[in-house]
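# Here's my sequence, what's the structure:
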Amino acid sequence: MRLPLLFGTTLLSAVGLGHASAQSPQFVPAYPLYCQGPLTTGSPSGRETTTPFIWAPSGAGAAAPGPGQCAWADRAARGIEIQSAGGNVICDFSGAMHSVPAGTFVEVGVARDPQVNNCMHLARYDGTVKPPFSAIPALPPFVRQSIASLTPTQIASLRHGIQVMMSRPATDPTSFRFQANIHGTYDAMTTPQEMQSWNNCEHGSYYFASWHRMFLYFFDRILRAASGDPNLVLPYWNWTDPAQRTLPLAFRQPADASNPLYIAPPGRPAALDAGTASLGAGTVDYSAAFASTAFDSPGGSGASFGGQIATPMQFNGPHGDLESQPHDVVHVALGGLMSDPDTAAQDPIFWLHHANIDRMWNRWLAQGGGRSDATDTAWLNTRFTFYDEAGHAVYLTGAEVEHTVGQLNYRYDDDPLTLHRVPFPIATRDFIEARPVAAATEAPAAEAAPALAESAASAQARPIELAGTTTRVQVPLTEEASSRMRALVANNAPRQVFLRLDAIQYDKSNGVYYEVYVNPPAGEKLDVHAPGYVGNLSLFGLKPHAMEGHAQPAAKDIYVEYDISHLVNQAMAVNSKELTVVLVPRGLFDAQGEPLPVPEKAQGTVGRVVIMSRR
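Purely as a prediction, here's the structure:
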């Protein structure tokens, strides 16, 4: 049972809700700092080392810093950057910074940290360099690679970082358990920090993609520091590649406690751990999400890439296109810890799955065609609090995470390789800028959707059971409904006719999702290539649960909608007087791409099936 949250949410808005200690933004990205030895790095104080230096009188692009000095690329230090005796210190929580011998130059990436006496917080150690130096403040970004391309040395660093995080107590914000619990947990909360921080993921709104990008960004920094490897970068699991749909080998072998990436059953299905089961082609299909051109949609409609405009909530619905498919479906198909949003982040594969979702956000934007991120004030300026590798509470906003290279110093290995100049705004460099932040408000609801037809209108009708066997539901069509549906799709426009699975009820997912079909031809093998395939239904994070500091939502139906505009004429050709909606249970697949057996036990119900329009 979920324990009630008693303190402020990690959302900060104009009315002042939020984590009491998160009064400073996380300044991103890091900026290049050039230093000449001798510089002496002191012994660690807890996890922190400090390396004092003196500011050079000019930027390194104009003149190389002198002995014991550091300089920005393009200018001299100023304002509160300058601390005692005309200098400052490089504070490092990763163990990457070491003393620099006389005559040696190094380049590091730093950002001023207002929570540690305005020290230069080390975010990247690039190592030894030689003058002359560029006057353009640009750092080579970290590169997130596919797990399939990591070397044994990189895998060892990944395992070590996860193991160190797992060894820390759950009360430590840099521990694996604390980080996992930020997303969701059933753990009892025993400290104010836990009560403020846990159960704070964003699902079912247009904050889904940006919140998870922030979440991964700080986890990546904590992981790198914990590993002791300054070049470790969180990889991604590219399950869009048919050759990579089996759980990565590093997460399966060795299959014992020596491998922190391994989760034994029932935390993962045994077949997944054994490498005999994999994700199916339909499980990972992202075509519907990538076909969307709008990032957001009105409240009550998930018909957009990023989701509905809504106030922050841990769980809300309906989900947007990317979240519904493939995100939710992959979660459910993987089973075990991953199939429940309140335990998912306890499985180390969670972080690689979400790195791939983050990568797909970049890929979606790269398609062009009018695709762009949200532009409203709430999405851009709403603040969410996380923890950095120092264990400090810091916040980010949507406006600060739109560009992974220019703002967050990372890219994916298949992103275009371009040089990005790092923006150097004076306001954010020299001051904690006081900018107005608008509270997120509920968006206008989507236009009421007229029902054209539905399956069960009577109160005595039995709910449709979601179990381990194929279910067929008849939706009778009047002549008027048939005519109306044909008229709506006459010009082949999308998002005209929708299939809604309404009044969904469930407790927890059991690792089964459902392929949905409309009027598939008789005798046709039902798979995602069959005529009439609509999409997938997965029971992941659909039950509304508010962020602390916001009222719990009023009781409402849980529903999932599918755009079937492109299928209307095909379905009518099969039967113009009735639509048969078919729900086929699916889970994992074998090496030949055939579905493996799924549990027979029912995991929920659908109240009714509705055919509707948006106008």
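
# can you pull out the strands in the stretch 501-615 of the chain?
505-506, 513-518, 533-537, 545-546, 560-563, 578-586, 604-606, 608-613 (DSSP state E, counting those that start in this stretch).

# Let me have those in JSON lines, adding mean pLDDT, mean neighbour count and distance to Pro318 as columns.
Just so you know, the C-beta spots here come from the backbone N, C-alpha and C atoms, and that holds for glycine as well. Shown next, in JSON lines, are these (pLDDT from 0 to 100; neighbours: other C-beta atoms under 10 Å; distance: least, C-beta to C-beta, whole Å):
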{"stretch": "strand 505-506", "mean pLDDT": "94", "mean neighbour count": "16", "distance to Pro318": "15"}
{"stretch": "strand 513-518", "mean pLDDT": "98", "mean neighbour count": "25", "distance to Pro318": "14"}
{"stretch": "strand 533-537", "mean pLDDT": "96", "mean neighbour count": "24", "distance to Pro318": "12"}
{"stretch": "strand 545-546", "mean pLDDT": "76", "mean neighbour count": "18", "distance to Pro318": "15"}
{"stretch": "strand 560-563", "mean pLDDT": "95", "mean neighbour count": "22", "distance to Pro318": "6"}
{"stretch": "strand 578-586", "mean pLDDT": "96", "mean neighbour count": "22", "distance to Pro318": "17"}
{"stretch": "strand 604-606", "mean pLDDT": "95", "mean neighbour count": "21", "distance to Pro318": "14"}
{"stretch": "strand 608-613", "mean pLDDT": "94", "mean neighbour count": "21", "distance to Pro318": "13"}
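
# Dump those strands to a markdown table, plus distance to Ala291.
Formatted as a markdown table, those follow (distance: least, C-beta to C-beta, whole Å):
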| stretch | distance to Ala291 |
| --- | --- |
| strand 505-506 | 28 |
| strand 513-518 | 17 |
| strand 533-537 | 12 |
| strand 545-546 | 30 |
| strand 560-563 | 9 |
| strand 578-586 | 22 |
| strand 604-606 | 25 |
| strand 608-613 | 19 |
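
# Out of these, which gets nearest to Thr185?
Nearest to Thr185 among those is strand 545-546; the distance by C-beta to C-beta comes to 12.4 Å.

# still on that earlier bit, for Ser210, find the nearest of the strands of the stretch 501-615 of the chain.
strand 545-546 (18.7 Å).

# Okay, domains of this protein per the record?
31-138, 143-430, 451-613 (automatic domain parsing).

# Deepest-packed of those, please.
Mean neighbours per residue, mean count of other C-beta atoms under 10 Å, is largest over the domains of the chain for domain 143-430, with a mean of 20.

# Mind naming the longest helix for the chain?
helix 208-227 (DSSP state H).

# what does the next helix or strand after that helix contact?
Next helix or strand after helix 208-227 toward the C-terminus (DSSP states H and E): helix 270-274. Residues from elsewhere that reach helix 270-274 (C-beta atoms under 8 Å, 6 or more residues apart in numbering): 247, 252, 255, 262-265, 277, 334-336, 588, 596.

# what's the least confident stretch among the domains of the chain?
Ranked by mean pLDDT, the domains of the chain bottom out at domain 451-613, with a mean of 90.

# Can you measure across that one, start residue to end residue?
For domain 451-613, the first-to-last residue distance is 7 Å (C-alpha to C-alpha, to the nearest Å).

# and what of stretch 556-569?
OK, stretch 556-569 end separation, C-alpha to C-alpha: 32 Å.

# same question, stretch 543-556
10 Å.

# One more: stretch 587-603?
So stretch 587-603: terminal residues 13 Å apart, C-alpha to C-alpha.

# Tell me which stretches of the stretch 101-250 of the chain form helices.
Here the stretch 101-250 of the chain has its helices, by DSSP state H, counting those that start in this stretch, at 152-167, 176-183, 192-197, 208-227.

# nearest to Ser372, of these?
Going by C-beta to C-beta, the one of the helices of the stretch 101-250 of the chain nearest Ser372 is helix 208-227, 12.8 Å.

# hey, C-alpha coordinates of that closest one in PDB?
Provided in PDB are the C-alpha atoms of helix 208-227 (Å, rounded to 0.1, in the frame of the first residue of the first chain):
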ATOM      1  CA  PHE A 208       6.800  12.700 -19.400                       C
ATOM      2  CA  ALA A 209       9.700  13.100 -21.800                       C
ATOM      3  CA  SER A 210      11.400  16.200 -20.100                       C
ATOM      4  CA  TRP A 211      11.000  14.800 -16.600                       C
ATOM      5  CA  HIS A 212      12.600  11.500 -17.500                       C
ATOM      6  CA  ARG A 213      15.400  13.300 -19.400                       C
ATOM      7  CA  MET A 214      16.200  15.300 -16.200                       C
ATOM      8  CA  PHE A 215      16.000  12.100 -14.100                       C
ATOM      9  CA  LEU A 216      18.500  10.200 -16.300                       C
ATOM     10  CA  TYR A 217      20.800  13.200 -16.600                       C
ATOM     11  CA  PHE A 218      21.400  13.300 -12.800                       C
ATOM     12  CA  PHE A 219      21.500   9.500 -12.500                       C
ATOM     13  CA  ASP A 220      24.200   9.500 -15.200                       C
ATOM     14  CA  ARG A 221      26.300  12.000 -13.200                       C
ATOM     15  CA  ILE A 222      25.900  10.100 -10.000                       C
ATOM     16  CA  LEU A 223      26.800   6.800 -11.800                       C
ATOM     17  CA  ARG A 224      29.900   8.300 -13.300                       C
ATOM     18  CA  ALA A 225      31.100   9.700 -10.000                       C
ATOM     19  CA  ALA A 226      30.400   6.400  -8.200                       C
ATOM     20  CA  SER A 227      32.300   4.400 -10.800                       C
END
